[in-house]
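A.B. asks: Any chance you could fold what I've pasted below:
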Amino acid sequence: MSIASSKLPNSAIVERLLQIVLVFAMTLPMLILYATSTLGPLLSQDLHFEPELLGYLVMSSFGLAAVLSLCAGAIVDYIGSRSALLVLFYAIAAAFTLIALAENFYGLVVAAAICGIAQALANPVTNLLIAQQIPSEKKARVVGLKQSGVQLAALFAGLVLPAIAFHYGWRTAFSIIVPVAVLFVITTLFIIPKQHTRAGNGLTFSAPTSLLLWLMGIQFCVGIALSAFVTFLPTFASQHGMPLFWADMLIAVFGIMGMFSRIMLTPMGAKLKDESLLLFGLIAIAACAMAITMHTDPESHWRLWVGAVGVGLTAVGTNAIAMSMLIRDPAFGPVTTASSYVSFAFFSGFALGPPLYAALSGYSGNLLLSWGALISVLCAACMMTVILASVRRHKVQALT
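C.D. replies: Presented below is the predicted three-dimensional model:
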């Protein structure tokens, strides 16, 4: 499958602009998750729905993203990176316009689902642009940089959106995203080349390799744990007496740690012979951080900060490392297709995580079962990293 496209001009300014576009192509689609987390109490109060339904907003967005991700890589290959980026930013503008105008919970569900279109396209199109336009020695660093855009969304949603919402209302907070998306539509028209060479006359698909299947399983488990953690951390904190301002600050801290993790750990992973064991260590630490968080009480809010910092520094970085593995190692398959499959697994986990957490807490009458389930899922991911490392090692030995 070809990724051929004309090269961007050899300009430091254009390269820097491209990197900014890559970051925000990851940031804007993920804002729905973190904005739902931080502004959820205001949304539920104003539109008169139960806070537990916030998990279904996340499910509608990431559920559609998961389904579309199965073919997103093939679509990006067919229409090209320029057209795919335009669709992404137009979808964000439309979704946040609808959120700002929503009159009930169902309007929010429709708008969140539209964000799923952008989420499905984000990884395949940004990975394709990196494969096409970024020199080999810079690829890992740029992957980490653009993946940090996801955590930039958390930082923005934790610091900026609540401040705007408390002063001007949550509709204004959501509406300010629309002109930002339009700005990146214009930027895309100027810096991404029009030319695109297709591999054939139609859409082409390929099945995931065995290596890719294990990486998908890991990302599915991480997605479940991360989405539930981020969606309900402020609510969990508020239930234990933490003021809403500080509860939202937990998401901002989570975002800062996640940005640091993705920017620093991705190049570090690229220097390793096999990143699988690095994934094991990061996921194991995240499980320990969640175990500390679950024992929070009104006198021990420090456990919440440990969770925000610990999970942000570890589990968040695993998706960036996974994307770097896809770009570096052809054994996972074509970049766009492999990216779309991993995104499918990750988004499927994201879609299931919050409803699973809410269902378990409702069934048991307390949150310990929900937290225990998230920790168990991360333990399963740890076991899969060991299997991935073994399969990868055997494939290398078979070729030598």
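A.B. asks: in this protein, which residue is closest to the centre?
C.D. replies: With distances taken as CA atoms, centre = their mean, V150 lies nearest the centre of the chain, 5.5 Å away.
A.B. asks: and the longest helix anywhere in the chain, what does it pack onto?
C.D. replies: The residue-count maximum for a helix in the chain (DSSP state H) belongs to helix 12-47. Helix 12-47 makes packing contacts with helix 54-79, helix 81-101, helix 105-133, helix 139-168, helix 170-175, helix 177-191, helix 210-239, helix 244-270 when contacts are defined by 3 or more CB pairs under 8 Å, 6 or more residues apart in numbering; DSSP states H and E. (Each C-beta comes from the backbone N, C-alpha and C, glycine too.)
A.B. asks: in the chain, which ranges drop under the pLDDT threshold?
C.D. replies: Counting by pLDDT under 70, the chain shows low-confidence ranges at 1-10, 195-205, 396-400.
A.B. asks: wait, what's in contact with V143?
C.D. replies: 127, 130, 266, 320, 323-324, 327 (CB atoms under 8 Å, 6 or more residues apart in numbering).
A.B. asks: Out of these, grab the one that's most surrounded.
C.D. replies: N127 (30 neighbours; other CB atoms under 10 Å).
A.B. asks: Once you drop chain neighbours, what's closest to that one?
C.D. replies: Excluding the flanking residues, the one nearest N127 by CB to CB, 6 or more residues apart in numbering is S339, at 4.6 Å.
A.B. asks: From the contact counts, what lies against the strand or helix carrying I283?
C.D. replies: Counting by DSSP states H and E, the element that carries I283 is helix 276-293. Packing contacts for helix 276-293, counted by 3+ CB pairs under 8 Å, 6+ apart, involve helix 210-239, helix 244-270, helix 302-313, helix 315-328, helix 368-399.
A.B. asks: now it, how far from the centre of its chain.
C.D. replies: Computed by CA atoms, centre = their mean, to the nearest Å, the chain-centroid distance of helix 276-293 equals 18 Å.
A.B. asks: go on, stretch 70-84?
C.D. replies: 19 Å.
A.B. asks: In CSV, list the C-alpha atoms belonging to that stretch.
C.D. replies: What follows is stretch 70-84 as a C-alpha-only set of coordinates in CSV (Å, rounded to 0.1, in the frame of the first residue of the first chain):
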residue,chain,number,x,y,z
LEU,A,70,-11.7,-0.4,11.1
CYS,A,71,-11.7,1.4,7.7
ALA,A,72,-10.2,4.7,8.6
GLY,A,73,-6.7,3.7,7.5
ALA,A,74,-7.9,2.6,4.1
ILE,A,75,-10.0,5.8,3.7
VAL,A,76,-7.0,8.0,4.6
ASP,A,77,-4.9,6.1,2.0
TYR,A,78,-7.6,6.6,-0.6
ILE,A,79,-8.5,10.3,-0.1
GLY,A,80,-5.0,11.5,1.1
SER,A,81,-3.8,13.2,4.2
ARG,A,82,-5.0,16.7,3.1
SER,A,83,-8.6,15.7,2.6
ALA,A,84,-8.6,13.5,5.7
